[in-house]
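Student: could you look at this predicted model? Sequence included:
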Amino acid sequence: MIREHQPRHQLSRVNLLLGAGVLLLALAGCGAESSGPATGSTSTAPTPDATTGTPEASASPGDEATADSQLTVIVSAGDDVEPVTYELACAAGAPVGESALPDPAAACAVLAAHGDLIKTEPDPDAMCTMQYGGPEIAVVTGTLDGEQIDASFSRENGCEIDRWSLFEPLLGTPGGTGAL
């Protein structure tokens with residue numbers, strides 16, 4: 001029996017195409033599922049008042065009674081940077097009173113749409129890309145839709161970066177502006 005051999009360059013092309021297909025499938029499996037405003041947002045964290053080191057505005061005390069969500073957000077851009085603390089009050093997905101956030105309406109809207117995701121910590125067994133997004137950390141405490149929350153955010157891996165991006169109107173955009 002005579003066996004015809006394929007030229008070596010045809011075999012390497014087939015191997016290359018198979019390898020590329022496997023790589024595409026692997027990358028598709030690593031993609032994050034996020035329905036929030038993960039990219040293209042330009043919001044930033046508030047800058048503190050130069051004299052007091054605190055945000056320039058906060059929710060009015062009289063408005064707190066009508067808010068169904070009252071949150072305190074502490075954002076730090078690293079060990080050598082003073083953390084920024086600000087307040088946000090929302091009722092029915094809209095801001096109540098004033099807030100130091102650049103866009104409190106967007107922050108209340110993302111909480112109304114994805115508030116259930118802030119109430120639970122990420123799955124520690126989830127497979128995440130091991131990429132470092134920066135030293136930023138944030139802690140969000142208070143009440144959200146009448147429930148007590150104490151949520152932590154970081155940018156230490158791909159899952160945490162995606163989570164931060166989803167809540168970017170609340171946490172701010174890291175880097176670039178000096179605000180974080």
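Tutor: Good, I have the coordinates.
Student: now do the strands in this protein.
Tutor: With DSSP state E as the criterion, the chain has strands at 69-76, 84-91, 94-95, 137-144, 147-154.
Student: tell me the most buried of those strands?
Tutor: Here the criterion is mean neighbour count by mean count of other CB atoms under 10 Å, and of those the winner is strand 84-91, at a mean of 22. The C-beta positions use only the backbone N, C-alpha and C, and glycine is treated the same way.
Student: what's the pLDDT at E121?
Tutor: For E121, the model assigns a pLDDT of 80.
Student: next one: D125
Tutor: We have a pLDDT of 90 for D125.
Student: ok, D68 next?
Tutor: pLDDT at D68 comes out at 89.
Student: and it, its phi and psi?
Tutor: Main-chain torsions, D68, degrees, to the nearest 10: phi -90, psi -10.
Student: might one say that it is in contact with E147?
Tutor: No. At 10.0 Å, D68 and E147 do not qualify as touching, with contact defined as CB atoms under 8 Å.
Student: give the buried residues for stretch 150-169.
Tutor: Within stretch 150-169, the residues scored as buried using 16 or more other CB atoms under 10 Å are 151, 153-169.
Student: oh, that last question was meant for stretch 100-108, not what I typed.
Tutor: Of all the residues in stretch 100-108, those buried under the rule 16+ other CB under 10 Å are A100, L101, P102, D103, P104, A106, A107, C108.
Student: which stretches of this protein have low pLDDT?
Tutor: Within the chain, the ranges that satisfy pLDDT under 70 run 1-65, 175-180.
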